[in-house]
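1. fold the following.
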Amino acid sequence: MRIKKFLKIFAVVTPILVLFLYISSVFINIPEVIFLRDGSNLKLNKGIISYTLNKIYDNISEYNVELLGFKIKTIEVMAIPKEIKLYPGGNVVGIKLQTNGPLVVGFSEIENSEQKPYSPSKESGINLGDVILDVNGTEINSSEFLAETLNSLKSDDEIDIKVERDGKTMNKKVKPIKGNDGKNKIGLWVRDSTAGIGTVTFVDPETGLYGALGHPITDVDTGDIIKISKGNIVNSSIVNVKRGEKGNPGELKGVFINDDTTLGNVMYNTKYGIFGEYSLENFSGEKLSIGLKDEIQEGPAQIISTIDNGEPKMYDVVIEKLLQQDNPSSKSMIIKVTDEELLEKTGGIVQGMSGSPIIQNNKLVGAVTHVLVNKPDTGYGIYIEWMLKESKMFD
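-> Residues are numbered from 1 along each chain as shown. Take a look at the predicted model:
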């Protein structure tokens, strides 16, 4: 009897489980965005999944994805004009960013009235990576102004601090402590700006919109993507190259040149690079068509990089593996440096080369993003279409 009962339950549950697993696998594989050449058609209606056009704006179409007639997701289909051509980058620039407000990067302990080490901010629930937006209703836009605002307080009453965390705002009550210098302190280390160098990937010759790096700029202490209020890019010169070795990544070391004269701004710092507007009078060269991910092949390619105080130069690489991706990622392909000159000078891929354009069959197909720590001649690249999406070029 028990066996018969088990078989009946098994006969009922198994089809349901199979259907659930099938639906789950289909749902996981539905992309967030699809890139098509202008004039190509989206392949609609795959089994029990169907796509219904919702609206069209500019070069983007929005489709509702339906399962057995029920909407389960919305995707974007971006039409890439066949004639689009971009300036490939490869030039190193200085990058200067300012955060939305002071970024919490650490806590300091202050002796309270009982002479015990104490951080009022930490005790109040403020976390590393929080951005301070205002104090008692006064907008805070810099670390210096935060200190001035705290010192202007007339009493030691609790203050209301508004912070941003993971895209949400919240309020924390903090009671300042008078330090030995007589100034109000809340036990925080904060930072409101950062700077470094990176490589430009592309510039649109029509609009001046550019993309660089292929990955985000993160805070060195918290590891979080820096939320910026503004930024700019300036001329930079390579002064030294730290060669990459197994277990010890290399680095391009550069200095800013005429940093009061900007080449462009930084509007977005995203998972897939930084983006903004480049002054076209500062950029020229041969324009290249772009290659979408289904047009790339494993095999020989080139990257364009600047590794000394000269002009960007093309170096040989091999695309060893293309990763199947329906959704954006900064690790789309595995590339290996084969160029003897580049290997001699840098050991392969080093910090500062992120954003170097990847060229195949005279098309811009991606950008260098990461190096493998234990294989300095090998690293990752991102598909160019993921960066184009973030650039807002087709919005």
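2. C-alpha from now on. contacts and neighbour counts both.
-> Noted.
3. bridging residues for V92?
-> T199 (DSSP bridges).
4. any idea how far it is from G355?
-> From V92 across to G355, the span is 9 Å (C-alpha to C-alpha, to the nearest Å).
5. overlap in contacts of the two?
-> Both V92 and G355 are in contact with 198-200, where contact means C-alpha atoms under 8 Å, 6 or more residues apart in numbering.
6. what domains does the record give for the protein?
-> With domains defined by automatic domain parsing, the chain comprises 85-97+193-390, 109-186.
7. the last one: how far from the chain's middle?
-> Spelled out, that is domain 109-186. Averaging C-alpha positions (C-alpha atoms, centre = their mean, to the nearest Å) puts domain 109-186 30 Å from its chain's average.
8. ok, S279 - contacts?
-> 208, 263-264.
9. pLDDT averaged over the helix or strand hosting L146 - what is it?
-> In the assignment (DSSP states H and E), L146 maps to helix 143-151. If you average the pLDDT over helix 143-151, you get 86.
10. report the buried residues of it.
-> By 16 or more other C-alpha atoms under 10 Å, the buried positions in helix 143-151 come out as 143, 146, 149-151.
11. turn the residues you listed into JSON lines, including distance to G179.
-> Below are the buried residues of helix 143-151 laid out as JSON lines (distance: C-alpha to C-alpha, whole Å):
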{"residue": "S143", "distance to G179": "18"}
{"residue": "L146", "distance to G179": "16"}
{"residue": "T149", "distance to G179": "15"}
{"residue": "L150", "distance to G179": "12"}
{"residue": "N151", "distance to G179": "11"}
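12. which one of these sits closest to I34?
-> S143 (42.0 Å; C-alpha to C-alpha).
13. list the contacts for the closest one?
-> S143 is in contact with 101-102, 190-192, counting by C-alpha under 8 Å, 6+ apart.
14. any idea how far P120 is from S289?
-> 56 Å.
15. neighbour-wise, which of the two wins?
-> P120 (23 against 18; other C-alpha atoms under 10 Å).
16. from V77, how far off is that one?
-> 49 Å.
17. ditto for G223
-> On the measure of C-alpha to C-alpha, G223 and V77 end up 32 Å apart.
18. the more surrounded of the two?
-> When G223 and V77 are compared for neighbours, V77 comes out ahead with 19 against 12, by other C-alpha under 10 Å.
19. pretty sure that one sits against V65.
-> No: contact status for V77 versus V65: not in contact, 11.9 Å apart, counting by C-alpha atoms under 8 Å.
20. can you list residues touching both of these two?
-> Joint contacts of V77 and V65 (C-alpha under 8 Å, 6+ apart) do not exist.
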